[in-house]
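> One predicted model, sequence on top.
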Amino acid sequence: KNIMQLGLAAGETASKFEAVFGPATSRMSEKIVELRETIPSTTAEMQDALATFSAMARGFGMNADAANIFSVEMVKIAGDLSSFHNIEIEDMFLKMRAAISGQFEPLRSLGIVIDQAKIKQEGLNLGLTDGTEDMGAAARAIAVHSIVVRDMGVANGDAAETIDSVANQTKKLKKELIEQATAIGVTSLPAINQLI
């Protein structure tokens, strides 16, 4: 039953991933392989996170290419913070989604404090605004990203530096087992569909 559920969920996630990335799907799939080398996660978790971050960025007004780059950067940050603070990657993805949506409380427990004044100042520093008008949603998301990268301090790059640690290797093994179970579930989908 669990394997079937993993397969069904992975099928839905893959469909979402393809819908969001369209012609860039194969390029983003290559990014997933690359990201999974240092971030313990399943393909489905990566697909969901990348698709969600990219869709949010497009909703903020970024073009497709910028949104795709933004999504990869957000996943890298989540991976580093997850590794450094020993937080499950899914939980870190949720914290990052909240932050770029304007809900900053989940990052406070990680020592990253963001408020509107800080975002406005970062927007000025990055040349995203001249300070005379309200920043757009895309500019705010970029400013939040910049603040997180700066304020995460020594956590920056932690996923790659500590991938061989016992904790991260254990997480990676767990994710690989889920990945294999998901692959079996996906393989059984046609038979399940026929049965239904």
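Good, I have the coordinates. Numbering: from 1, shown residues only.
> contacting residues around the one residue sitting closest to the centre of the chain?
Nearest residue to the geometric centre of the chain (C-alpha atoms, centre = their mean): Val75, 3.4 Å. Contacts of Val75 were listed using C-beta atoms under 8 Å, 6 or more residues apart in numbering, and they are Leu35, Ile39, Met46, Ala49, Leu50, Phe53, Phe93. Every C-beta, even on glycine, is put in place using the N, C-alpha and C of the backbone.
> what about it, helix or strand, and which?
Here Val75 sits within helix 64-85, counting by DSSP states H and E.
> what do you get for Gly131?
Following DSSP H and E, there is no helix or strand that holds Gly131.
> Equivalent analysis for the one 3 residues further on, please.
Following DSSP H and E, there is no helix or strand that holds Asp134.
> now could you export just the CA positions of the helix or strand containing Ala141 as PDB?
According to DSSP H and E, Ala141 maps onto helix 137-151. What follows is helix 137-151, C-alpha atoms only, in PDB (Å, rounded to 0.1, in the frame of the first residue of the first chain):
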ATOM      1  CA  ALA A 137       6.700  41.000  -5.400                       C
ATOM      2  CA  ALA A 138       9.600  39.800  -7.500                       C
ATOM      3  CA  ALA A 139      12.000  42.400  -6.000                       C
ATOM      4  CA  ARG A 140      10.800  41.500  -2.500                       C
ATOM      5  CA  ALA A 141      11.500  37.800  -3.200                       C
ATOM      6  CA  ILE A 142      15.000  38.600  -4.500                       C
ATOM      7  CA  ALA A 143      15.700  40.800  -1.500                       C
ATOM      8  CA  VAL A 144      14.500  38.100   0.900                       C
ATOM      9  CA  HIS A 145      16.800  35.600  -0.900                       C
ATOM     10  CA  SER A 146      19.700  38.000  -0.500                       C
ATOM     11  CA  ILE A 147      19.100  38.500   3.200                       C
ATOM     12  CA  VAL A 148      18.800  34.800   3.800                       C
ATOM     13  CA  VAL A 149      22.100  34.100   2.000                       C
ATOM     14  CA  ARG A 150      23.900  36.800   3.900                       C
ATOM     15  CA  ASP A 151      22.400  35.900   7.300                       C
END
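> same for it, what does it pack against?
Packing partners of helix 137-151 (3 or more C-beta pairs under 8 Å, 6 or more residues apart in numbering; DSSP states H and E): helix 43-60, helix 64-85, helix 89-100, helix 116-125.
> nearest to Ser101, of the contacts of Val75?
Nearest to Ser101 among these: Phe53, at 10.9 Å, using C-beta to C-beta.
> Which residues lie in contact with that closest one in this structure?
Ala67, Phe70, Ser71, Met74, Val75, Met96, Arg97, Ile100.
> And those residues, which of them are buried?
In those, burial by neighbour count holds for Ala67, Phe70, Ser71, Met74, Val75, Met96, Arg97, Ile100, counting by 16 or more other C-beta atoms under 10 Å.
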